[in-house]
Every structure is written in C-alpha cells, then in structure tokens.
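S.K.: Dropping a prediction and its sequence here:
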Amino acid sequence: MLLSTLFNPLILEFIAGMLMAALARRLPTEFWFVGLGIGIFACLAYFMIPDVHRVFFGLALAPIVLGLAQAEARFGFRAPKWALLLGSSSYAIYLVHNPLQSLVARAIRRFDSWEMTFIACIVAGVAAGVLYHLLYEKPVLTRISQGLRRAHSLQPD
C-alpha cells in the first residue's frame, strides 16, 4: 500500500515538480538550456518508444519547466497576466475539473459529439477553477497569510 502510494504517477509528477522548483532556485541560470533540452529530448523519446507508461511524459515535462523558469529569471521574461492567473488557479482547476466534467458531459450528451464534450469540459473546468480561486481560495489564503504575519510579529524575539 505504501509503495503503491509513493509510486503513484501523480505523486511522482508532484515530487518532480517540487524538485524542479528547488533546483530552479539553486542552479545557475546560465545553464537554462540544459533542462529545456533534456525535457524536450525526453518528450520526443516518449512519443518514439512504444508502450511507455504515461508517467514518463509527465516526468519529461519537469525539466522543461526548470529550463523555462531559469530562462525567465536569466532574461527577465514575464509571463502574461492570463498565464499567471491560470498558474495560480491550477490547484483549484484540478479540484473542480473531475466532478464538473461528469456533470457537463451528462448535460450535453444529447449532442453526441465527443469534440464538443471535450471542449465544453475544458472551458467549464478552467472557468470554474479560476472563479473558485478568485472568489474563495485567494481570499482565504490572503487571510491566513495576514494572520500568520500578525502572529509572527507578536512573538518576542
């Protein structure tokens, strides 16, 4: 049970993301292209190797994120506001998309179009996740952060 949990593809991808975030802060940015190159090579390999597990693709994306984060720091790139909003909303999107896609698929099944259902599920999931983030998650996190700062400032040194 413990091993199957630890080696769950979602857990492995999450750990890879945390590792890339830690590396992005510690590695020199002049080597930004190394992570990007490794990730692109691994993604290409995923599509060329028959029957490889899908977790390989998720893990292959991690060094791409590292390379892009380092390139952003090195060259001063700034992500557009809509991309930052999607990034900030990503956990909320993850939370709402699965139950919402079930409801959306049932609501539009009479159209009998896989493509329409797919697009509707994406639009509904992203929209609901962003709204959840803006209306609930962000205000709650702000209040918690303010409370922690107040509590920290009240502690004697």
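M.R.: Looks like it arrived, so ask away.

S.K.: So for the strand or helix carrying Pro63, what gets flagged as buried?
M.R.: Per DSSP states H and E: Pro63 is located in helix 55-75. Across helix 55-75, burial judged by 16 or more other CB atoms under 10 Å covers 55-71. Where you see a C-beta, it was placed from the backbone N, CA and C, and this is true even at glycine.

S.K.: repeat for stretch 116-127
M.R.: Here stretch 116-127 shows Thr117, Ala120, Cys121, Ala124, Gly125, Val126 as buried, counting by 16+ other CB under 10 Å.

S.K.: From these, which land in strands?
M.R.: Among the buried residues of stretch 116-127, no member falls in strands (DSSP state E).

S.K.: Low-confidence regions, the chain specifically.
M.R.: 157 (pLDDT under 70).

S.K.: Look up the closest residue to the spatially most central residue of the chain, ignoring the ones flanking it.
M.R.: The centre of the chain sits closest to Ser90, judged by CA atoms, centre = their mean, with a distance of 5.5 Å. Residue nearest to Ser90 in three dimensions, not counting chain neighbours: Gly129, with 7.7 Å by CB to CB, 6 or more residues apart in numbering.
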